[in-house]
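*Asks:* here is a sequence with its predicted model. Questions after.
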Amino acid sequence: MRSAFMSSASARAIRPIHFSQEELPMIELFDSDDSRAVRNKASILSFYDLVINQKKSEEFVAEFISPAYVQHNPLIANGPEALGQFFGQITRERARARVVVHKIIAVGDYVWAHVNFLNLFNDDPNDTGIAGVDIYKMDADGKAIEHWDILQLVGDPKNSAPWLAPNVSRANPNGMF
């Protein structure tokens, strides 16, 4: 069991909950009185669902991404078209590709999401994926105008960092999420 804090509607209603690693609910933190934060959080959740999970990258990316989009991940060019093409190629090549959002925080024009990208670069049904923290700056229309990310390979309890140091156990029993 692990404990965390969860809010269903507002940062003012945070309460601790207990759950197992396999039953992790999404944790949402935002002020329900901040209409921009509410809209921006919903936009980013819809982006993940449509663009990655439903594999409709090139059809829907422009709904969520500004034409002036600045991408700080060096693997992807600026602009919605480049982002749509990047995820379009991945989702065409990887039928299992998906993203699970574990935590999302929205404040004003910013959204932070702690996610697990699964099967983006392989077809292994046991893929543990890549943990990511995505940071989005949103424009006045609720579209992402700038993005930063931090990515880390998710290993397993006995091989926690396979690309860097194979067969090194986790430092603690807490999972990545």
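*Replies:* Received it, and whenever you're ready, just let me know what you need.
*Asks:* C-alpha from now on. contacts and neighbour counts both.
*Replies:* Noted.
*Asks:* leaving out sequence neighbours, find the closest residue to the most centrally placed residue in the chain.
*Replies:* Central residue of the chain (C-alpha atoms, centre = their mean): V115, 3.4 Å from the mean position. Spatial nearest neighbour of V115, excluding adjacent residues (C-alpha to C-alpha, 6 or more residues apart in numbering): V101 at 4.4 Å.
*Asks:* where does the one you found land in three-state SS?
*Replies:* Secondary structure, DSSP: H, G, I helix; E, B strand; the rest coil: V101 is strand.
*Asks:* what's the neighbour count on it?
*Replies:* 21 (other C-alpha atoms under 10 Å).
*Asks:* and for N53?
*Replies:* Neighbour number of N53 under other C-alpha under 10 Å is 18.
*Asks:* check S43 too.
*Replies:* For S43, the neighbour count with other C-alpha under 10 Å is 20.
*Asks:* for the strand or helix carrying it, list the C-alpha coordinates in PDB.
*Replies:* Using DSSP states H and E, S43 sits in helix 35-47. The C-alpha trace of helix 35-47 is given here as PDB (Å, rounded to 0.1, in the frame of the first residue of the first chain):
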ATOM      1  CA  SER A  35     -11.700  28.500 -15.200                       C
ATOM      2  CA  ARG A  36      -8.500  28.600 -17.400                       C
ATOM      3  CA  ALA A  37      -7.000  25.800 -15.300                       C
ATOM      4  CA  VAL A  38     -10.100  23.700 -15.600                       C
ATOM      5  CA  ARG A  39     -10.300  24.200 -19.400                       C
ATOM      6  CA  ASN A  40      -6.500  23.600 -19.900                       C
ATOM      7  CA  LYS A  41      -6.500  20.400 -17.800                       C
ATOM      8  CA  ALA A  42      -9.400  19.000 -19.800                       C
ATOM      9  CA  SER A  43      -7.700  20.000 -23.100                       C
ATOM     10  CA  ILE A  44      -4.500  18.200 -22.200                       C
ATOM     11  CA  LEU A  45      -6.400  15.000 -21.100                       C
ATOM     12  CA  SER A  46      -8.300  15.100 -24.300                       C
ATOM     13  CA  PHE A  47      -5.100  15.500 -26.300                       C
END
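*Asks:* contacts for that helix?
*Replies:* Residues from elsewhere that reach helix 35-47 (C-alpha atoms under 8 Å, 6 or more residues apart in numbering): 30-32, 60-61, 64, 101, 104-111, 138, 142-143.
*Asks:* hmm, try it at 7 Å
*Replies:* Residues outside helix 35-47 that contact it (C-alpha atoms under 7 Å, 6 or more residues apart in numbering) are F30, S32, F64, A106, V107, G108, D109, V111, M138, G142.
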